[in-house]
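Below are the sequence and a predicted model for it; my questions follow.
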Amino acid sequence: MRIEQINAEALEKVNYDRFLLSQAVAKRVKELMNGAKPLVELPKKNMQYTEIAVLEIAKGKVKVKEV
């Protein structure tokens, strides 16, 4: 799956709120950097934390709530 498609799916999960998506990605990236395991099977090696976080949101593995 292409990153553009993944981004579109992730945006759909947050009702097209780019700010909310960026906050959720930043939070998940911090968790991944601190040792959290990815919640999805990685389609390629050496994925960046941001790519993993967006993929997790797009696949519905990470739920995003408005604050």
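That came in fine, so what should we check first? Everything numeric in this text was worked out from a predicted model, so none of it was measured.

Below-threshold pLDDT in this protein: ranges please.
Residue ranges of the chain with pLDDT under 70: 1, 67.

Centre-most residue in it?
Centroid check for the chain by CA atoms, centre = their mean gives V54 as the closest residue, at 2.1 Å.

Just after the lengthiest helix in the chain, pick out the following helix or strand.
In the chain, assigned by DSSP state H, the helix with the most residues is helix 18-33. Under the assignment DSSP states H and E, the closest C-terminal helix or strand after helix 18-33 is helix 49-58.

The residue nearest to the centre of the chain against V25, yeah?
Yes. Between V54 and V25 there is a contact at 5.9 Å, judged by CB atoms under 8 Å. No exception for glycine: its C-beta is placed from N, CA and C like everyone else's.

Any idea how many residues pack against the residue lying closest to M33 once chain neighbours are set aside?
Closest residue in space to M33, ignoring its immediate chain neighbours: Y49 at 6.1 Å, by CB to CB, 6 or more residues apart in numbering. Neighbours of Y49 under the rule other CB atoms under 10 Å: 17.
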